[in-house]
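Visitor: need a 3D model of the sequence below.
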Amino acid sequence: MLHRPRNRAKGVRMIKRQHWIMSGIEVCTGTFIKFIWAMILWQTVAYWVMGYDITFSENFVITGIFTINSLIIGYIVRRWFDART
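Guide: This next block holds a predicted model:
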């Protein structure tokens, strides 16, 4: 979608805004990559350093809760900044 800033002359360059579906895909992709990284990091490094006895399934649930939170916040922030351009 092309968007011309308000109160600007007609000769001003048009700004291409990101569609809301693409914003969602971008946020999901980034969050999925971070989810995988968090799982690997916890199971290989933090588990040994901190000495917590947490199973893989418990780790998956805890990381999943934070991932869902990250998806929601990331999408809201992305759309808010896109609305500002």
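Visitor: so, low pLDDT: which residues of the protein?
Guide: Per-residue confidence for the chain (pLDDT under 70) gives these ranges: 1-15, 85.
Visitor: mind listing what's buried in the longest helix seen in it?
Guide: When every helix of the chain is counted residue by residue (DSSP state H), the longest turns out to be helix 56-84. The neighbour-count criterion (16 or more other Cβ atoms under 10 Å) identifies 59-60, 63, 67, 70-71, 74-75, 78 as the buried residues of helix 56-84. Placement of C-beta: from N, CA and C, glycine included.
Visitor: please state the offset of that helix from the chain centre?
Guide: Distance of helix 56-84 from the chain centroid (Cα atoms, centre = their mean, to the nearest Å) equals 6 Å.
Visitor: still on that earlier bit, of the buried residues of helix 56-84, closest to Gly30?
Guide: Comparing the buried residues of helix 56-84 against Gly30 with Cβ to Cβ places Gly74 closest, at 7.0 Å.
Visitor: now the closest residue to the closest one other than its chain neighbours, what's its secondary structure?
Guide: In space, Gly74 comes closest to Val27 once its chain neighbours are excluded; the distance is 4.2 Å by Cβ to Cβ, 6 or more residues apart in numbering. When classified by DSSP: H, G, I helix; E, B strand; the rest coil, Val27 comes out as helix.
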